[in-house]
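Show me the folded form of this:
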Amino acid sequence: MVMEPSIDKVAEALYNSGCIKFGSFKIKSGALSPYYIDIARLLSKPKELCAIAEIAAQKICQINSANMLTKIASIELKGALIAPSIACKINLPCVIVRKEEKNYGATGRIAGANIEKGDKILFIDDVISEGLSKIEGIKPLQELGAEIKHILVIVNREQEGKEKMEKAGYTVHALAKVSEIVASLQENKKISDEQAEIVLKFIKK
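Numbers count the residues shown, from 1 in each chain. Below you'll find the model as predicted:
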């Protein structure tokens with residue numbers, strides 16, 4: 001399989017930083033997964049964090065050429081860890097949506113840049129699985145008058161989340177699918193053929 005250079009770079013950065021792990025992991029649905037992605041591990045490897053941020057920035061610049069984005073946004077915790085690094089590279093204000101209202105100091109659910117009516121915001125997150133958690137971060141922005149049409153994730157876990165969100169009217173962009181990451185790691189001898197096969201079978205279920 002011939003990989004796009006950016007997919008190999010994403011796979012390498014996630015593997016070298018320990019973001020992608022193989023074994024048996026209980027995921028949010030309660031099912032057991034043969035792999036797990038912990039984007040927070042990027043914080044331990046600045047070189048890999050910068051690599052992911054650069055690839056994401058390039059993707060956003062492509063999207064922005066036709067959409068005139070005014071801000072990027074994410075929700076705590078995982079997406080919020082990488083959004084500021086991306087914002088620095090594309091020179092767009094960054095917004096973080098808190099999961100709960102803050103009732104002291106700077107109150108509310110919005111941290112960072114203010115939301116203006118008519119803002120065109122690209123929403124960033126670490127992964128997309130079933131997609132439902134994205135609405136939790138997008139809705140408060142829409143309630144303040146922002147327009148969100150595009151979602152960018154680092155990894156598409158290929159659990160129909162992209163399809164569900166696109167049926168809801170959003171365009172979902174991913175730096176890589178998990179199947180592409182696994183294929184790249186297998187091709188570059190980072191994981192065994194057996195490990196790759198187990199993950200690919202899990203994805204196809």
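
Quick check, residue 59 in contact with residue 174.
No - taking contacts as Cβ atoms under 8 Å, residue 59 lies outside contact range of residue 174: 9.0 Å. For glycine as for every other residue, the C-beta is placed from the backbone atoms N, C-alpha and C.

what is in contact with the two at once?
Any residue near both residue 59 and residue 174 by Cβ atoms under 8 Å, 6 or more residues apart in numbering counts here, and that gives residue 152.

List the residues that contact the closest residue to residue 109 other than its chain neighbours.
Distance criterion Cβ to Cβ, 6 or more residues apart in numbering; nearest residue to residue 109, sequence neighbours excluded, is residue 98 at 4.6 Å. By Cβ under 8 Å, 6+ apart, the residues touching residue 98 are 75-76, 108-111.

Which secondary structure state is assigned to residue 98?
strand (DSSP: H, G, I helix; E, B strand; the rest coil).

all helices of the protein, in order?
5-16, 46-67, 78-90, 132-143, 161-167, 178-187, 193-204 (DSSP state H).

hmm, back to that, considering the contacts of residue 98, which possesses the most neighbours?
Counting neighbours by other Cβ atoms under 10 Å, residue 75 leads these with 24 neighbours.

thinking that one is in contact with residue 100, fair?
No - taking Cβ under 8 Å as the definition, residue 75 is not a contact partner of residue 100, at 11.0 Å.

what's the neighbour count on residue 101?
Neighbours of residue 101 using other Cβ under 10 Å come to 9.
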